[in-house]
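# coordinates only, sequence not included:
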C-alpha cells in the first residue's frame, strides 16, 4: 500500500526565506584568508581571458557569481566560480565533463538555454564557467521581489523553460541542477536555463547516475534511494518542483521535507492558489510530480500539453 505524506503546513515562510535557511545549513563558513586568495585567483585568471570584473552578484552553496565585461566586445557576462575545496566539504564533485556546449547552444542561437562562453579550471583550487548575462535575474529573485506568480505568467515562463529542457534531452543531456536560481529571465520574460556544471550526456543505461546533484528540495524521490537513476526523467521532477514553488512561493514538503517513493498525494497547494489555479495547470503539474518514474511525463510530451494552449 502506498504511504501518503501528511499535508504540509505551509506557514508563513516564503521560498526565499526557506532558501536562505537551507543555504546557511549547507554552505561551509569561509575565512577572510580564503576569500582573499579566491579574489587573487579570479583576478589572475581574468587577466588571461581578457575579461574585466565589474561586481559581485550572488553566491550559492558552493559557488560565487560575478558580473564581468568582455573587453573586446563590451558584452556583459556572468562568471561563476566553483571552489573545489568547498564542493568537497559538502560532499559533491565537480569535473569538466565531455559536454559540447557549442553543439548544445551554438552562439546562443537556441532559445531557453544560456550560451556558455567558457568552462575551465582556473587553477588547482577553483573552476569557472562564463555564461551570458540576463539582467532580469532568476525566477527565484522574481519571487523574492513580487511573491508567487500568477498562472498566466507561469505559463509563459515554463513554456520557454520546457523548450530549453526538451532541447537538452533531445541531445541526450541531463541538466541535473534545475532550480529557480538557475532559471533566468531574458528581456522578454522568457526563461533561460543556466548552470551546466553538473550536466552530463546520457547515452544508455550505463550512464545512469547514483549521485545527488541539485539542491535537496528539488531532488526526485528515486534519487534519495541511492541507486542508479535516469537523470533525464529526474530533470522533469525538478522542473515540476520549480513550477510548484513559482505558483506557491514556498517549498512543497516543508523546510527540508522529502517526497516518499510510491506516494501520489504528497503535496498540497496554498488555499488561495488551490482556488485560483485551473484544472489544466494542476493536471500539468501532476504529470511532472509523479513519484513513479514510469508514470512521469517526458519533456517532449509536456510540450504538447493542453495547458499551454489555453
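Received it, and whenever you're ready, just let me know what you need. These numbers were taken from a predicted model, which means no experiment stands behind them.

# name the residues of stretch 299-307 that are buried.
Across stretch 299-307, burial judged by 16 or more other Cβ atoms under 10 Å covers 299, 302, 305, 307. C-beta: built from backbone N, CA, C; applies to glycine.

# so where do the strands sit in this protein?
Ranges of strands within the chain are 51-59, 63-70, 76-83, 116-121, 126-132, 173-174, 183-185, 191-193, 200-201, based on DSSP state E.

# and those strands, which one is worst for confidence?
Note on those: strand 116-121 shows the lowest mean pLDDT, a mean of 74.

# so what strands line up beside it?
Using DSSP bridges, the strands paired with strand 116-121 in its sheet are strand 126-132 (antiparallel).

# next one: the strand it pairs with to chain centre, how far?
In terms of Cα atoms, centre = their mean, to the nearest Å, the centre of strand 126-132 is found 16 Å from the chain centre.

# cool, and stretch 302-310?
22 Å.

# quick check: end-to-end length of that stretch?
Chord length of stretch 302-310, first to last residue, is 14 Å (Cα to Cα, to the nearest Å).

# what of stretch 135-152?
22 Å.

# what residues sit buried inside that stretch?
Residues 137, 138, 139, 140, 141, 142, 143, 144, 148, 149, 151 are the ones in stretch 135-152 that count as buried (16+ other Cβ under 10 Å).

# got JSON lines for those residues, with pLDDT and distance to residue 175 too?
JSON lines is the format used below for these (pLDDT from 0 to 100; distance: Cβ to Cβ, whole Å):
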{"residue": "137", "pLDDT": "92", "distance to residue 175": "19"}
{"residue": "138", "pLDDT": "94", "distance to residue 175": "15"}
{"residue": "139", "pLDDT": "96", "distance to residue 175": "15"}
{"residue": "140", "pLDDT": "94", "distance to residue 175": "16"}
{"residue": "141", "pLDDT": "93", "distance to residue 175": "19"}
{"residue": "142", "pLDDT": "95", "distance to residue 175": "20"}
{"residue": "143", "pLDDT": "95", "distance to residue 175": "20"}
{"residue": "144", "pLDDT": "93", "distance to residue 175": "22"}
{"residue": "148", "pLDDT": "95", "distance to residue 175": "24"}
{"residue": "149", "pLDDT": "96", "distance to residue 175": "21"}
{"residue": "151", "pLDDT": "96", "distance to residue 175": "24"}
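
# want to throw the residues you listed into JSON lines with distance to residue 192?
Output for these, formatted as JSON lines (distance: Cβ to Cβ, whole Å):
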{"residue": "137", "distance to residue 192": "11"}
{"residue": "138", "distance to residue 192": "9"}
{"residue": "139", "distance to residue 192": "10"}
{"residue": "140", "distance to residue 192": "13"}
{"residue": "141", "distance to residue 192": "13"}
{"residue": "142", "distance to residue 192": "13"}
{"residue": "143", "distance to residue 192": "16"}
{"residue": "144", "distance to residue 192": "18"}
{"residue": "148", "distance to residue 192": "21"}
{"residue": "149", "distance to residue 192": "16"}
{"residue": "151", "distance to residue 192": "21"}
